[in-house]
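J.: dropping the sequence and predicted coords here.
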Amino acid sequence: MKPITIAIDGPASSGKSTVAKIVAKNLGYTYLDTGAMYRSVTYLALQHQLREEQIPEILGLIRTNPISFSQTADGQQIVFAGDQDISSAIRQNAVTRNVSWLSAIPEIREELVAQQRRIAKDGAIVMDGRDIGTVVLPDAELKIFLQASVEERAQRRFKENQEKGIKTDFERLKRDIEERDYKDSHRAVSPLVPAADALIFDTTGVSIAEVVHFIQEKAEKIIDRN
Ligand code: DC
């Protein structure tokens, strides 16, 4: 049985990372949260007060502070930039509000996509993001595109933020999500669109367990055939 590659794309808070993490664990695959990579670069750029036009400086920061992942004993993802743990910092509102301009820069995407492909080269990976099925892994054996209403996504993110102790105004959060959806879907490079061969799944009102079940069933069928 040859391991496969699974691409899960979709807009902010569509449940991608939650289900991708569970599917990866169940299959014994690696999970890669590409959104965390764009967030990490945004955090570094903000920390060094860099702006859109300072691309060489931002690329320099990625080289001097390589992004890496590890896990706590209870399975929580830890994100490092160099040896600095930035797991909480990359979820702060300032990063969320700035990540779209940064992720629209072609040179930054080129660098992160190269890193993502290196991590995926041996297969057995579940990767989530915006352009995984279209650009990063166009040959992925299984491509899923998750959607959900803005209202539901805002509620999910609000709850998540509350649990993490991040103070959030619900209406502002909803507006921010709509704005990020618009920017992510309308940028010139690798916009958020479903791949032509992606399975589109609307998770509004659907439980995490049901989404996991749907993806896993499809994955197991492909793995069995391989
Ligand atoms: O999945 P997330 O909300 O943590 O992602 C944060 C931002 O990163 C998202 O608004 C757009 C960008 N992103 C991207 O451009 N391409 C990806 N593959 C993943 C995320």
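T.: Done, it's in. The structure presented is a predicted model; accordingly, all values stated were derived computationally and were not measured.
J.: going forward, measure contacts and count neighbours with C-alpha atoms only.
T.: Fine.
J.: for the ligand, what are the nearby residues on this protein?
T.: 12, 34-36, 38-39, 99-100, 103, 129-132, 180, 184 (C-alpha under 6 Å from any ligand atom).
J.: which one (most neighbours) among those?
T.: Neighbour counts for the residues of the chain next to the ligand (other C-alpha atoms under 10 Å) peak at Ile132, which has 30 neighbours.
J.: I'd like the next helix or strand past the host helix or strand of Phe80.
T.: Secondary structure assignment for Phe80, by DSSP states H and E: strand 77-81. The helix or strand immediately downstream of strand 77-81 is strand 84-85, counting by DSSP H and E.
J.: re earlier: next step: the residues of the chain next to the ligand restricted to strands.
T.: Of these, the ones assigned to strands by DSSP state E are Gly129.
J.: and the helix or strand containing Gln116, C-alpha only, in PDB?
T.: Taking DSSP H and E as the definition, Gln116 sits inside helix 106-120. Extracted C-alpha coordinates of helix 106-120, given in PDB (Å, rounded to 0.1, in the frame of the first residue of the first chain):
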ATOM      1  CA  PRO A 106       4.900  36.100  -5.300                       C
ATOM      2  CA  GLU A 107       8.500  35.800  -4.000                       C
ATOM      3  CA  ILE A 108       7.300  34.800  -0.500                       C
ATOM      4  CA  ARG A 109       4.900  32.200  -1.900                       C
ATOM      5  CA  GLU A 110       7.700  30.800  -4.100                       C
ATOM      6  CA  GLU A 111       9.900  30.300  -1.100                       C
ATOM      7  CA  LEU A 112       7.200  28.800   1.100                       C
ATOM      8  CA  VAL A 113       5.800  26.500  -1.700                       C
ATOM      9  CA  ALA A 114       9.300  25.100  -2.200                       C
ATOM     10  CA  GLN A 115       9.500  24.300   1.500                       C
ATOM     11  CA  GLN A 116       6.100  22.700   1.400                       C
ATOM     12  CA  ARG A 117       7.000  20.500  -1.600                       C
ATOM     13  CA  ARG A 118      10.200  19.400   0.100                       C
ATOM     14  CA  ILE A 119       8.200  18.300   3.200                       C
ATOM     15  CA  ALA A 120       5.700  16.500   1.000                       C
END
